[in-house]
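Chemist: need a 3D model of the sequence below.
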Amino acid sequence: MTHLQPLIGEHTAQVSALWNAACGPDLAISERFAAYNLHEATGATRAGRLAYVDGVPAGFVQVSAAASGAGADPSGWVDAIAVAPQHQNHGLGSELLIWAEAWLAEQGCSRVRLGGSLRPFAPGLPVALARNDFFEHRGYRFQRAEWDVARVLSGGVAARALPPEVSARPACADDLAGLDAFLLREFPGRWRFEFQEFLREAGRPSDYFLLWADGVLAGFARLTVEDSERPIDRFYPQRLPRPWGQLGPLGVAAGLRGRGYGGVLVSAALEQLRSQGVDGCIIDWTNLLDFYARFGFTPYRQYAVLLKALTPAG
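Modeler: Numbers count the residues shown, from 1 in each chain. Presented below is the predicted three-dimensional model:
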């Protein structure tokens, strides 16, 4: 007998175990990451269901809807859905997805995206899982591919000389207010949202790396390492040598683009990670494969971005 009950923060062990059973060791997550992603996200309403079969956890789904007036498109996400292998192909995944879409429709969502939410398990459906057919048969349509790219840093980073007007360094506490103002002006969407969440979680200031031009903040890069506030297993680095690190998001002020500052920022941030002992490094959720190839990165994992139109309830 199948029974659905609300998914809550205390279900981290069940969520991580079910995800790992469904997705395999290459996409394994920790309970710490499950707890991070089940935590409330500012600007979103969240819900989920944990499915039991004969009293044993068998699957789960987590969904998010952007707060009214947030201007997000799509405004709803299936953050994650997983069914234990022994319960797959028996209708449980469909039951969880039907519940998820009905809940999102009740929130007024007109489109739903698989993955890519404000606290994402992944940017989309990992292509290696070969589960596109399940979602396409249920009305999801492929939009584009996104990639993680990766490289090993221990062999050294090809440094780019800083132009005379440029400097780069990790942020300190005194930089945070200015960085927030910079992000509000230059990147007011997800990247500023992530920075505000970082502040709420009391993240380490030096996990942001800053580029200055003529003494003015010109760009930023976020760094994630194994003891960062954001769990490193969000980026699934299992095939890379440890210690692990991640770079991104990163950006340069609109008025300063086209001067090579983006490449200088990437090179300097990679050297910063290498100096911290990072070996296996990921840049996640990108389609700029040619750009990052200049810095030694090669494709590591591919995701399919899938969307479905919903009819809002009422």
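
Chemist: how about the helices in this protein?
Modeler: Ranges of helices within the chain are 12-23, 31-38, 92-106, 132-136, 176-186, 190-200, 261-275, 289-293, based on DSSP state H.

Chemist: redo these as TSV? Include mean pLDDT and distance to residue 253.
Modeler: No exception for glycine: its C-beta is placed from N, CA and C like everyone else's. TSV is the format used below for these (pLDDT from 0 to 100; distance: least, C-beta to C-beta, whole Å):
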stretch	mean pLDDT	distance to residue 253
helix 12-23	97	38
helix 31-38	95	30
helix 92-106	96	36
helix 132-136	96	38
helix 176-186	98	5
helix 190-200	93	13
helix 261-275	95	8
helix 289-293	97	18
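
Chemist: mean neighbour count and distance to residue 63 added to these, as CSV?
Modeler: Shown next, in CSV, are the helices of the chain (neighbours: other C-beta atoms under 10 Å; distance: least, C-beta to C-beta, whole Å):
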stretch, mean neighbour count, distance to residue 63
helix 12-23, 20, 13
helix 31-38, 20, 12
helix 92-106, 19, 5
helix 132-136, 15, 14
helix 176-186, 15, 27
helix 190-200, 17, 18
helix 261-275, 21, 34
helix 289-293, 14, 30
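
Chemist: for those, which one sits closest to residue 159?
Modeler: helix 261-275 (5.9 Å; C-beta to C-beta).

Chemist: restricting to C-alpha, output the closest one in CSV.
Modeler: Output in CSV follows, covering the C-alpha atoms of helix 261-275 (Å, rounded to 0.1, in the frame of the first residue of the first chain):
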residue,chain,number,x,y,z
TYR,A,261,38.5,41.2,-17.5
GLY,A,262,36.4,38.1,-17.5
GLY,A,263,39.4,35.9,-18.4
VAL,A,264,41.6,37.7,-15.9
LEU,A,265,38.9,37.0,-13.2
VAL,A,266,38.7,33.3,-14.1
SER,A,267,42.5,32.9,-14.1
ALA,A,268,42.9,34.7,-10.8
ALA,A,269,40.1,32.8,-9.1
LEU,A,270,41.5,29.4,-10.3
GLU,A,271,44.9,30.3,-8.9
GLN,A,272,43.2,31.3,-5.6
LEU,A,273,41.5,27.8,-5.4
ARG,A,274,44.8,26.1,-6.3
SER,A,275,46.6,28.0,-3.5
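
Chemist: before we move on, the earlier item: would you turn the helices of the chain into a markdown table with distance to residue 159?
Modeler: Formatted as a markdown table, the helices of the chain follow (distance: least, C-beta to C-beta, whole Å):
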| stretch | distance to residue 159 |
| --- | --- |
| helix 12-23 | 37 |
| helix 31-38 | 33 |
| helix 92-106 | 47 |
| helix 132-136 | 41 |
| helix 176-186 | 24 |
| helix 190-200 | 26 |
| helix 261-275 | 6 |
| helix 289-293 | 16 |
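
Chemist: out of those helices, nearest to residue 206?
Modeler: It is, among the helices of the chain and with distance given as C-beta to C-beta, helix 261-275, at 8.9 Å.

Chemist: re the thing from before, of the helices of the chain, which is nearest residue 305?
Modeler: It's helix 132-136; of these, that one is closest to residue 305 (C-beta to C-beta) at 11.2 Å.

Chemist: quick one: residues in contact with that closest one.
Modeler: Here helix 132-136 makes contact (C-beta atoms under 8 Å, 6 or more residues apart in numbering) with 93, 114, 125, 142, 304, 306, 308.

Chemist: do stretch 89-107 as well
Modeler: 2, 4, 45, 47, 49, 51, 53, 58-61, 63, 65, 75-76, 78, 81, 83, 112, 134, 138, 308, 310-314.
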